[in-house]
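*Asks:* Sequence and predicted structure are below.
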Amino acid sequence: MSPLSRRELLGSAAGLVIAFNLPRRGRAAQMAPPPPPATDPNAFVHIAPDDTVTILIGHSEMGQGVWTGLTMIIAEELDADWSKVRVEHAPAGVQYFHPFFHMQGTGGSTSTRAEFQKYREVGAMARDMLVRAAADRWKADPAKLRTENGFVINGSDKLSYGALAKAAAKLKPSEKVALKDRKDWKLIGKATRRLDTPEKITGKAKFGIDTQLPGLRTALVARAPVFGAKLKSFDASKAKAVKGVEKVIKIPTGVAVVAKNFWAAKKGRDALKIEWEGGDPVDSEKQKAEYLSLAKTDGDKVVAAGDANAALASAAKKVVAEYDAPYLAHATMEPLNCTVRIDNSGCDLWVGTQFQTLEQMTAAQIVGLPPEKVRVHTPFLGGGFGRRGSPRSDFVAEAVAIAKIVGKPVKTVWTREDDIKGAYYRPAFVHRVEAGLDAGGKPVAWKHTIVGQSIAQGTLFEKMIVKDGIDGTSVEGVSDSPYLEAVPARAVTLHTPKNAVIVHFWRSVGNTHTAFAMESAVDELAWAAGKDPLEFRAALLADKPRHLAALKKAAGMAGWGTPPPAGHARGLAVHESFGSIVAECAEVSVNADKEIRVHKVWAALDCGSVVNPLGVEAQIQGGIAYGLSAALHSAVTLKDGKVEQSNFHDYTVLRIPEMPEVKVAIIESDARMGGVGEPGTPPIAPAVANAVYALTRQRLRSLPLKLA
Amino acid sequence: MSVKLEVNGSIKEVDAADDMPLLWVLRDVLGYTGTKYGCGMAQCGACTVHLDGDSVRSCQVPLADAVGHKIVTIEGLSKDGMHPVQQAWADIDVVQCGYCQSGQIMSAAALLAKKPDPTDEEIDRWMKGNICRCGTYQRIREAIHKAASMKEAKK
């Protein structure tokens, strides 16, 4: 049996109950989340007497646009006046539990598709309460009333929502409410500008790092320079001599310097003398050699059909290829931070997090409070990309531990160097593919070995994601590849080596490397078969109409089949992830310094139906930019256990001169709604590598892509 | 040291270490949190402010060097968020997470003050010091052209 992919798990409508087991300080606390309560529209919709409608959303705005998209869904059914709609992040609470995750959280490109039905119901329930309140006022039959743009209307009479809100909030929500027909949607499906723009273009938007409180202190932490190393001793005398430094304390993750402001804390930390011992001397070069060697042996079974070895032996033509991808840091623009205030009334957290419930549980346990005494305030997140959704609550646990010792409100801040060197990386992976073609150029055998660390192993999510020893996030994109389904004899296996480098979800997770391996290998086979890469793919995807339509759309927009400008070439890739299918065609050239330049990208997305096309386009453009950083630049490497990069000068990312012109086509279909935050990322690296091959006949199998 | 700083047209008393970067003076001492920390080494541009009209990385300007100059932050770029660059940013729907955008907008405003109608190449050259991890670059280019086309930018 092949393991369920993360997508399938998270997409399971039946839902999965995560049993929380947080071992800490020698005791284990169990949290079995309560069954979801009946939806209360009052938890989501607040209407003020001046008709301002404030929507509380349970998901974190980290750039992906839920602040606008989720609000559109509620406002649609509410028949709200869009110009009077405001948004806030909800506090941590069971009303806001994710319908798939059974805790409050944001990730897996799930927010819109998971909440679509519920948020429509919330809007419709609130509307129904307003209508009934108006009916009471008018002594009218609620069925005879209608709503429009923030008013309940009865013939020539009308009452604004603001005038009705107080009475409506006292009514019992109806369990069954009618939802609008799709043809009556006024907001859903319309390109809509973001609601958070006014704050974000004037400097008024508050991110976690902007939290200010009376008496607030700033802490920086010196953490082990080698993963797994332990603190041996430290000398704080020089650090304490820095003006503004108030405390230097030992904490589980290292030594914290607490000061009046960031600059003093930084100078204090620089002045610390620390001795560490032990640790795991991971070395990226050696690791790659080990992974490549492991990949020549069979691992744990993921997919098996037919006899791949026999089919390979009798194949007319064989392609053997090894692909590799390095560790990657997320490098969110806002470095990690968490502000904690503990007082008689409980504990307050101001933290840009993707997992409110976990942070609440973690803080409760460290401080010794019931979870409801921990109030989680979610400011804007200056990028998430997975880093701010930690099953270990790592940076929150550390900040709470510091504040508990200090006894004053403390903001713990990571420097950029802490971020780049601080693990929670996309794991390094190696793929080895051996594939065979018959005499007619049709793939008949596919043997595929994947080597890389498990993200979920040893975390709260292990039970959900790891099945029969296979971490679904290590193989997603290969195990469920439509190309593999078209190959009669196939075998996929997985090796899961361990080391002390903590690995983590990184925008599109396993698909970051599996799409690169699959789409590069398919391209290699097309060339080996002497066939056009588009036609070769189309033949394999004959039974996958959505993949085929996306591929043909992207290729068509790019003018596939017509000659590109002189010195340019095009490459293709199509990949399904998070319930959506994205095809991309990249047009590249190579300059005199042998640098790859990506000029244009045509992307075609099928995500079922769309709430905000303007936001979807932004996510595909952004997903491609994020993927291009990894395709062309970024790598975290280790030598003798130490990370060799530290900041944006050596952990390089895409800058504006390298941003291609990205054209996005949205293919609306009747398919179940998919995600859009992540699926734009996976196809870009292989699309670029395939274009570089078409141009130079150099097959680049190593990320980031570098020409010899 | 205790000094006077001119920020967004008003004089502020500042008591801080003279080597404290202007970035942290603005954020931690004066409470202007619109200017962002992203790298601390002039690599990302999130901390961009105007010093006597020029765009500078405030993480590299020690307090002592900022004294006697006119400092403008994102909070002071316009009274009501109606600078042409801000208007264009809103119109083109540029922002995503928004964290880098204060710096992007301050850089773009400084560019347009020097080059009222920049080409794509000029935009790329000027803006390459501002990183955006959400990948809003395409809309940034578009918005700078849009701002350039607004009359106000061409004074």
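*Replies:* Done, it's in.

*Asks:* which residues does the nearest residue to residue B:93 once chain neighbours are set aside contact?
*Replies:* Ranked by C-beta to C-beta, 6 or more residues apart in numbering or on different chains and with sequence neighbours excluded, the top spatial neighbour of residue B:93 is residue A:193, at 4.9 Å. For every residue, glycine as well, the C-beta is placed using N, CA and C. Taking C-beta atoms under 8 Å, 6 or more residues apart in numbering or on different chains as the definition of contact, the neighbours of residue A:193 are A:68, A:614, B:90, B:93.

*Asks:* State whether residue A:193 is indeed within a helix.
*Replies:* No: note on residue A:193: no helix contains this position according to DSSP: H, G, I helix; E, B strand; the rest coil, which reports coil.

*Asks:* In chain B, where is pLDDT below threshold?
*Replies:* By pLDDT under 70, the weakly predicted segments of chain B are B:151-155.

*Asks:* what residues go with each domain of it?
*Replies:* With automatic domain parsing serving as the domain definition, the record reports that chain B contains domains spanning B:2-74, B:84-154.

*Asks:* Looking at these, which is nearest to residue A:387?
*Replies:* Judged by C-beta to C-beta, the one of the domains of chain B that comes nearest to residue A:387 is domain B:84-154, at 10.6 Å.

*Asks:* Distance from the closest one to the middle of the chain?
*Replies:* Averaging C-alpha positions (C-alpha atoms, centre = their mean, to the nearest Å) puts domain B:84-154 11 Å from its chain's average.

*Asks:* just stretch A:340-356 next, same as before
*Replies:* Using C-alpha atoms, centre = their mean, the offset of stretch A:340-356 from its chain centre is 23 Å.

*Asks:* so where does residue A:603 fall, helix or strand?
*Replies:* Residue A:603 belongs to strand A:596-606 when elements are defined using DSSP states H and E.

*Asks:* For the longest helix seen in chain A, which helices and strands make contact with it?
*Replies:* As assigned by DSSP state H, the longest helix anywhere in chain A is helix A:111-138. In this structure, helix A:111-138 makes packing contacts with strand A:45-47, helix A:66-78, strand A:146-148, strand A:151-154, strand A:157-160, helix A:161-169, judged by 3 or more C-beta pairs under 8 Å, 6 or more residues apart in numbering or on different chains; DSSP states H and E.

*Asks:* redo that, cut-off 10 Å
*Replies:* Counting by 3 or more C-beta pairs under 10 Å, 6 or more residues apart in numbering or on different chains; DSSP states H and E, the packing neighbours recorded for helix A:111-138 are helix A:6-11, strand A:45-47, strand A:53-57, helix A:66-78, strand A:146-148, strand A:151-154, strand A:157-160, helix A:161-169.

*Asks:* Need the winner for burial among those.
*Replies:* For the helices and strands packed on helix A:111-138, the largest average neighbour count (mean count of other C-beta atoms under 10 Å in any protein chain shown) is found in helix A:66-78, namely a mean of 27.

*Asks:* Touching the very next helix or strand once past that helix from outside, list them.
*Replies:* Read in the C-terminal direction, the helix or strand following helix A:66-78 is strand A:85-89, with elements assigned using DSSP H and E. Here strand A:85-89 makes contact (C-beta atoms under 10 Å, 6 or more residues apart in numbering or on different chains) with A:45-46, A:48, A:52-61, A:66-68, A:70-72, A:74-75, A:78, A:96, A:150, A:187, A:195-196, A:352, A:356, A:376-381.

*Asks:* again, 7 Å this time
*Replies:* Where contact means C-beta atoms under 7 Å, 6 or more residues apart in numbering or on different chains, the residues beyond strand A:85-89 that reach it are A:52-57, A:60, A:67, A:71, A:75, A:195, A:378.

*Asks:* do stretch A:686-693 as well
*Replies:* Residues from elsewhere that reach stretch A:686-693, judged by C-beta under 7 Å, 6+ apart: A:515-516, A:519-520, A:523, A:533, A:569-573, A:584-588, A:596, A:598, A:631, A:698-700, A:705.

*Asks:* At which residues are the helices of the stretch 401-550 of chain A located?
*Replies:* Under the criterion DSSP state H, counting those that start in this stretch, the stretch 401-550 of chain A carries helices at the ranges A:416-421, A:462-465, A:472-475, A:482-485, A:511-529, A:533-540, A:545-558.

*Asks:* could you give the angle of the longest one to helix A:533-540?
*Replies:* Spelled out, that is helix A:511-529. Relative orientation of helix A:511-529 with respect to helix A:533-540: 100 degrees, computed using axes from the mean of the first three to the mean of the last three C-alpha atoms, to 10 degrees.

*Asks:* what's the spacing between helix A:511-529 and its chain's center?
*Replies:* Centroid displacement of helix A:511-529 relative to its chain, using C-alpha atoms, centre = their mean, is 24 Å.

*Asks:* circling back to that earlier point, going C-terminal from the strand holding residue A:603, what's the next secondary structure element?
*Replies:* helix A:613-632.

*Asks:* Around the residue of chain B found nearest chain A, how many other residues sit close by?
*Replies:* Nearest to chain A, among the residues of chain B, is residue B:34, at 2.0 Å (C-beta to the nearest C-beta). Using other C-beta atoms under 10 Å in any protein chain shown as the criterion, residue B:34 is surrounded by 26 other residues.

*Asks:* Check the gap between residue A:408 and chain B for me.
*Replies:* In this view, residue A:408 and chain B are 15 Å apart by C-beta to the nearest C-beta, to the nearest Å.

*Asks:* Quick check: that residue touching residue A:214?
*Replies:* No: distance between residue A:408 and residue A:214: 9.9 Å, which falls outside the contact criterion (C-beta atoms under 7 Å).

*Asks:* still on that earlier bit, who are the packing partners of the strand holding residue A:603?
*Replies:* For strand A:596-606, the packing partners by 3 or more C-beta pairs under 7 Å, 6 or more residues apart in numbering or on different chains; DSSP states H and E come out as helix A:545-558, strand A:580-590, helix A:613-632, strand A:661-666, helix A:684-696.

*Asks:* Now do the phi/psi pair for the residue in chain A positioned nearest to chain B.
*Replies:* Distances from chain A to chain B, computed as C-beta to the nearest C-beta, single out residue A:203 as the nearest residue at 2.0 Å. Backbone torsions of residue A:203, given as degrees, to the nearest 10, read phi 80, psi 10.

*Asks:* Do I have it right that it meets residue B:104?
*Replies:* No: checked against C-beta under 7 Å, the pair residue A:203 and residue B:104 is beyond contact range at 11.9 Å.
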